[in-house]
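>>> what follows is a predicted structure for the sequence shown.
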Number of protein chains: 2
Amino acid sequence: MSVQTFELLILGSSAATPTANRNPTAQLLNIAERFFLIDCGEGTQMQMRKYKARFQNVNHIFISHLHGDHFYGLPGFLASMHLLGRKNELTIYGPKELEEIIHIIHKHSDTYLNYPLKFIYTQNSTKQLVYEDDKVEVYSLPLKHRIATTGYLFKEKPLPRNIDKYKLEKLNVSFAEIHKLKQGMDAIDNNGNTIKNRDLTMDPPNPRSYAFCSDTKFFEELANDIKDVDLLYHESTFLEEMKDRAKQTFHSTAKQAAQIAMLSNAKKLLLGHFSARYGNLDEFLEESKNIFLNTELAIEGSQFSL
Amino acid sequence: MSVQTFELLILGSSAATPTANRNPTAQLLNIAERFFLIDCGEGTQMQMRKYKARFQNVNHIFISHLHGDHFYGLPGFLASMHLLGRKNELTIYGPKELEEIIHIIHKHSDTYLNYPLKFIYTQNSTKQLVYEDDKVEVYSLPLKHRIATTGYLFKEKPLPRNIDKYKLEKLNVSFAEIHKLKQGMDAIDNNGNTIKNRDLTMDPPNPRSYAFCSDTKFFEELANDIKDVDLLYHESTFLEEMKDRAKQTFHSTAKQAAQIAMLSNAKKLLLGHFSARYGNLDEFLEESKNIFLNTELAIEGSQFSL
C-alpha cells in the first residue's frame, strides 16, 4: 500500500538579509496533498515559481513571527493568488498584528481579494492545536525570540491498519466491515463468520511529524514540545564561536540546534536561517554532526521526504 | 572633458505578478553618482545583489503608487540597509499613505532603523519639483491610473561651458575668472585684459533627461510634461490587440507608449511592465517600432546610458 505524501521543500535559508544565493525563510510542506506554507519571506512567490510549486494548492500559511525576513513576501503572495483567479478560502496563522498590517496595505492599495482570507491568531505561552483535519494536525509551539514567536509542529494522524488485499479478495466482506478492520476491530463476513483483525491486517506506518523551530534562542524545554519528532528544522543563525552574539540576539548556534535534536530524540535535523556573514556552510554541518550525526542543511531547493 | 554619468539599470519588468524570469517594477538611475531607486517591487534587494548595485549608494527612493508590484520590496530594502549598517538619511518620495504602511510594519516588528527616514509626499494633480541639488532636478508627473499615481522626470541641470584648456594654459587667469567663463560670462586676465567667452569656451553637452511613466492609461497631455525627453520609459502592459483591457484597467499598450514617445518628441523609448500572460516580448518591440523606431525593451539587467 502506498504511503501518503510527506514532503518538505525549502524555499529560503537566509537570516535577516538575503544574500546573492540565499532567500529569506519560507518552506512548503505537503502532507497528504495538504500544502502548508511555513513563513513567507520576501521573494517566496518567485521561489515557488522557480521550483514549480503551484500557488493555488496552498490553503494554509503559518507565520512564525513579525520580523520582516519571515513575512515580507506575504502581501505579494496574497496579491498574486488573487490575480491568478483564486476563489478558495485561505487561512493565515500568526500573531494578530499581522492582520492589521495586511489590512492597512490592502486599504491603501485599494485591494479587494476575490477570495476569503481568514486569520487564526497564535499565542506563544503554550503549545496549542491550531489546525486539524481527518489526516493532519498542526500545533503552534512557544519559542523564545525578541518578539512573540511560535514554531509549528505538523503531525499525521494515526493511519488506518493495512489490509492484506490478497486475503480479503478470497472473503466476502461488506465495505462497512472493511472499515472496521481498518480501525483495528474484528469484522463479520457476509456468511456470518468472525474475521479476527490480526488475521487480515498489518500495522500501518507510524504517523510522521515535522517541527519548524525558527527563530529562537536555545532553551531545553523546547525539546518536550517536539518529543520524538521525525524531522526537526531548527534555526542555526550562527556557529558556536558566536554563541554570545546568538544569545544576545535570541538566536541559536548549529551546536545548540544539535543539542535540541538530541534532547527531543529527533530522527533527523535540518539546519537553516544562516547569517549572511557565512559564505560556506560546511562548518554548520560539521559542528552539528559532532553532536547529532543525521543533520542536513536546509538550503534553497532541497527536498526532504519522510 | 568627460561627461558625467547618466545610466539606467532595469531591475524588474513585470506587471502585477512576477513570472519565472521577470520581476516586478524597479529601476536604478545613476546621474552624476546620485543613485535614484525608482519603484521597489518585491525582490528589488535581491535584484540589486544580482546586478552588484550597492545598496548604500541609494539616498532617494521614488515610489509611483501603492499597487503592490511597485512597493512590496520597500520594507525589506529598508530593513537590509539598516542591518548592513546604514547611518545616512534616506528620503522616500511617494503617496502619503506609504508612510503609514511603513510605520505599522515597523511598529509590529519592533523595528527601529539606525538611520533617519524622511518622507516627501507626492500629489498627482500637477507636475511638481520634488528634488533638487546642484546637478539634478526631479519632478513628479501626474499619471492616470486606478489609484493616485505619479511618474517622475529626472533632469540634469545645464552643465557649465567647457573651457579650452590648451588656450587657457597660455593665459594668466584667476580661479574666480575661470568660474565666470564656465558660466558663460567674459573674464579679465591678471593683466587686466578682457577675454571674450566665445574665444575660450565651447558649448557644454545638452542637459539630459529621463522620464519614468508607470502605471498609466494612454492620455495625450502626458506628452506636454515630458517634452523633448531623451529617454522615456512608458509602461506597455498589453499589446494593442488587448487595448480594451488596457483601457479598462488603466494601463497602456505598446502602440500607445510609442504614440506618447512621438507626441513628446522623445529620443528613445523603453517598454516595460509586461503582463505575465506574454512569454515572448518581440511583438511589443515590433508594435512600437511601427510608430517609433528607436524602441527597446526594458528587461531585467539591461542598462541604458545617455
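Yes, it's here.
>>> from memory A:L29 sits against A:A211, does it?
No: under the criterion of Cβ atoms under 8 Å, A:L29 is not in contact with A:A211, lying 11.0 Å apart. Quick note: C-beta positions are derived from backbone N, CA and C, even for glycine.
>>> what touches both of the two?
A:F154 (Cβ atoms under 8 Å, 6 or more residues apart in numbering or on different chains).
>>> and for the residue nearest to A:Q128 when sequence neighbours are not counted, the neighbour number?
Excluding the flanking residues, the one nearest A:Q128 by Cβ to Cβ, 6 or more residues apart in numbering or on different chains is A:S140, at 5.1 Å. A:S140 has 26 neighbours, counted by other Cβ atoms under 10 Å in any protein chain shown.
>>> and what of A:D228?
10.
>>> count of neighbours near the closest residue to it other than its chain neighbours?
Nearest in space to A:D228, with sequence neighbours left out and distances taken as Cβ to Cβ, 6+ apart, is A:N265 at 5.1 Å. For A:N265, the count of nearby residues is 12 (other Cβ under 10 Å).
>>> please apply the same query to A:L159.
Neighbourhood size, A:L159 [other Cβ under 10 Å]: 18.
>>> wait, it touches A:P204, no?
Yes: counting by Cβ under 8 Å, A:L159 does reach A:P204; the two are 3.8 Å apart.
>>> any buried residues in the longest helix along chain A, and which?
Scanning chain A for the helix with the most residues, using DSSP state H, yields helix A:97-108. By neighbour count on 16 or more other Cβ atoms under 10 Å in any protein chain shown, the buried set for helix A:97-108 is A:97-98, A:101-102, A:104-106, A:108.
>>> could you dump the residues you listed into JSON lines with distance to B:H67 added?
Listed next are the buried residues of helix A:97-108 as JSON lines, based on distance: Cβ to Cβ, whole Å:
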{"residue": "A:E97", "distance to B:H67": "23"}
{"residue": "A:L98", "distance to B:H67": "21"}
{"residue": "A:I101", "distance to B:H67": "17"}
{"residue": "A:I102", "distance to B:H67": "15"}
{"residue": "A:I104", "distance to B:H67": "15"}
{"residue": "A:I105", "distance to B:H67": "11"}
{"residue": "A:H106", "distance to B:H67": "11"}
{"residue": "A:H108", "distance to B:H67": "10"}
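>>> just the residues you listed that are near chain B?
Counting by Cβ under 8 Å from any Cβ of the partner chain, A:97-98, A:101, A:104-105, A:108 from the buried residues of helix A:97-108 sit close to chain B.
>>> all helices of chain A, in order?
A:44-50, A:74-83, A:97-108, A:165-169, A:175-182, A:197-200, A:222-225, A:243-248, A:254-263, A:282-289.
>>> report pLDDT for the closest residue to A:P158 other than its chain neighbours.
Leaving out its chain neighbours, the residue that sits closest to A:P158 by Cβ to Cβ, 6+ apart is A:P207, at 5.3 Å. pLDDT for A:P207: 94.
>>> residues near A:P207, how many?
That count, for A:P207 with other Cβ under 10 Å as the rule, works out to 15.
>>> so who does the closest residue to chain B within the stretch 201-306 of chain A touch?
Nearest residue of the stretch 201-306 of chain A to chain B: A:A276, at 8.2 Å (Cβ to the nearest Cβ). Contacts for A:A276 (Cβ under 8 Å, 6+ apart) come out as A:14-19, A:22.
>>> tell me how far it lies from B:I61.
Counting by Cβ to Cβ, to the nearest Å, the separation of A:A276 from B:I61 is 22 Å.
>>> now swap in A:T25 and tell me
As judged by Cβ to Cβ, A:T25 and B:I61 stand 25 Å apart.
>>> neighbour-wise, which of these two wins?
A:T25 (32 against 24).
>>> contacts only, for the closest residue to A:S305 other than its chain neighbours.
Spatially, and ignoring its direct neighbours in sequence, A:S305 is nearest to A:E7 (4.8 Å; Cβ to Cβ, 6+ apart). Taking Cβ under 8 Å, 6+ apart, we find A:E7 in contact with A:29-30, A:303-306.
>>> can you select the buried ones from those residues in ChimeraX?
Command for ChimeraX that selects the buried part of those, burial taken from 16+ other Cβ under 10 Å:
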select /A:29,30,304,306
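>>> now the contacts of A:E7 in CSV, with pLDDT and distance to A:N294?
Output for the contacts of A:E7, formatted as CSV (pLDDT from 0 to 100; distance: Cβ to Cβ, whole Å):
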residue, pLDDT, distance to A:N294
A:L29, 98, 19
A:N30, 98, 22
A:Q303, 98, 16
A:F304, 98, 11
A:S305, 97, 15
A:L306, 94, 13
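>>> just to revisit the earlier point, of the helices of chain A, which is nearest B:K227?
helix A:97-108 (32.3 Å; Cβ to Cβ).
>>> would you mind pulling the contact partners of that closest one?
Around helix A:97-108, the neighbours that count as contacts under Cβ under 8 Å, 6+ apart are A:63, A:66, A:71, A:74-75, A:78, A:92, A:111-113, A:117, A:119, A:121, B:66, B:68, B:95, B:97-98, B:100-101, B:104-105, B:108.
>>> again, 7 Å this time
With Cβ atoms under 7 Å, 6 or more residues apart in numbering or on different chains as the test, helix A:97-108 has contacts from A:63, A:66, A:71, A:75, A:92, A:119, B:66, B:97, B:100-101, B:104-105, B:108.
>>> and stretch A:171-189, by the same measure?
A:160-161, A:163, A:190-191, A:194-197, A:200-201.
>>> looking at those residues, which has the smallest pLDDT value?
Ranked by pLDDT, these bottom out at A:P160, which has 87.
>>> how about that one, what does it touch?
Counting by Cβ under 7 Å, 6+ apart, A:P160 makes contact with A:182-183, A:204.
>>> restricted to buried residues, select the residues you listed in ChimeraX.
Only the buried entries of those go into this ChimeraX selection, using 16+ other Cβ under 10 Å:
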select /A:182,204
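>>> could you export the contacts of A:P160 as a markdown table, including pLDDT?
What follows is the contacts of A:P160, written out as a markdown table (pLDDT from 0 to 100):
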| residue | pLDDT |
| --- | --- |
| A:K182 | 89 |
| A:Q183 | 89 |
| A:P204 | 89 |
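>>> so where do the strands sit in the stretch 101-250 of chain A?
A:117-121, A:128-132, A:136-142, A:150-156, A:162-163, A:187-188, A:194-195, A:201-202, A:209-213, A:231-235 (DSSP state E, counting those that start in this stretch).
>>> pairing partners for the fifth one, with directions?
In the sheet containing strand A:162-163, the strands it pairs with under DSSP bridges are strand A:201-202 (antiparallel).
>>> how close does the nearest residue to A:N197 once chain neighbours are set aside get to A:N162?
Closest residue to A:N197 apart from its sequence neighbours, by Cβ to Cβ, 6+ apart: A:D186 at 5.1 Å. Taking Cβ to Cβ as the measure, A:D186 falls 16 Å from A:N162.
>>> then A:T149?
To A:N162, A:T149 is 39 Å away according to Cβ to Cβ.
>>> one step back: can you tell me which of the strands of the stretch 101-250 of chain A is most buried?
Among the strands of the stretch 101-250 of chain A, strand A:231-235 has the highest mean neighbour count (mean count of other Cβ atoms under 10 Å in any protein chain shown), at a mean of 29.
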